[in-house]
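In: Dropping a prediction and its sequence here:
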Amino acid sequence: MNGSLQIIGFILNTIGYICAIVTTGLPEWRRNDPSGEVLESIIRHQGIWVRCISYPTGQWQCDDYDAFFLGLAVPLQVARGLTVTACIIGLIGLVISVIGMKCTGCMDDTPRSKSRLSLIGAICFAICGISIGIAVSYYAHQVLSEYNRDRLLYADDVGQRYIYGTSLFIGWASMAVIVLGSFIAGCGSMVSGEDEEVRRTTYMPSYRPPKSSSTEYV
């Protein structure tokens, strides 16, 4: 295994996983476009867990949705399901990757099983990144569809239209970083021929023929 690649991939995966958690919890999946309004500083923010209104004084007023999952709009259901799944799988990948990394002392006597654990951790992170990417992309598609529809309904009221929020961009960045980190960590988890030779030399006992005796028995 290549420990340097594993460390680089683990660092990237950890950064991407933190961004995924921020994306999940940040109430900024979409916001209204107040440009052209009389009070441009009043902005409505909507996340997948709460919706907030920010005022010019710096105060925020937030309110959660009436339902947790059932009864919510389809984009919210999809976003919540995928982001929660991504966070859980990412946490599993984080734990497995720590155990399977070459620089840790766990399972040193079984290097092949250790490399497989590291590869499984990279796969878990890849699933985490893809889930976050699908969640933000699907939600962004809904925001764009509603924006085009509301552009005709609210032609004179720009503040009624919603545009992309910060969480979507953080989610896309998280997906890119995690996918790259998973690829690097996966490449570093492959067992090389040198590692196999060391393993055979270290753990496989050598054959020693029995000593011949000069004494003959009649």
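Out: Here it is on my side, so go on.
In: how much space between the residue nearest to Gly93 when sequence neighbours are not counted and Ile88?
Out: Leaving aside its sequence neighbours, Gly93 sits nearest to Cys124 (Cβ to Cβ, 6 or more residues apart in numbering; 2.9 Å). Any C-beta I mention is one placed from the backbone N, CA and C, and that applies to glycine too. When distance is defined by Cβ to Cβ, to the nearest Å, Cys124 is 10 Å away from Ile88.
In: of the two, who's got more company?
Out: Between Cys124 and Ile88, counted using other Cβ atoms under 10 Å, the more crowded position is Cys124 (22 against 13).
In: name the helices or strands packed onto the helix or strand that one falls within?
Out: Taking DSSP states H and E as the criterion, Cys124 maps to helix 111-153. For helix 111-153, the packing partners by 3 or more Cβ pairs under 8 Å, 6 or more residues apart in numbering; DSSP states H and E come out as helix 3-25, helix 74-100, strand 162-164, helix 166-188, helix 193-203.
In: Deepest in the core, which of those is it.
Out: Stretch with highest mean neighbour count among these: helix 166-188 (a mean of 22; mean count of other Cβ atoms under 10 Å).
In: returning to that earlier point: looking at the helices and strands packed on helix 111-153, spot the one closest to Arg31.
Out: Of all the helices and strands packed on helix 111-153, strand 162-164 sits nearest to Arg31, with 6.5 Å by Cβ to Cβ.
In: Provide the contact partners of the closest one at residue level.
Out: Residues outside strand 162-164 that contact it (Cβ atoms under 8 Å, 6 or more residues apart in numbering): 30-33, 44, 46, 140, 143, 146-147, 150.
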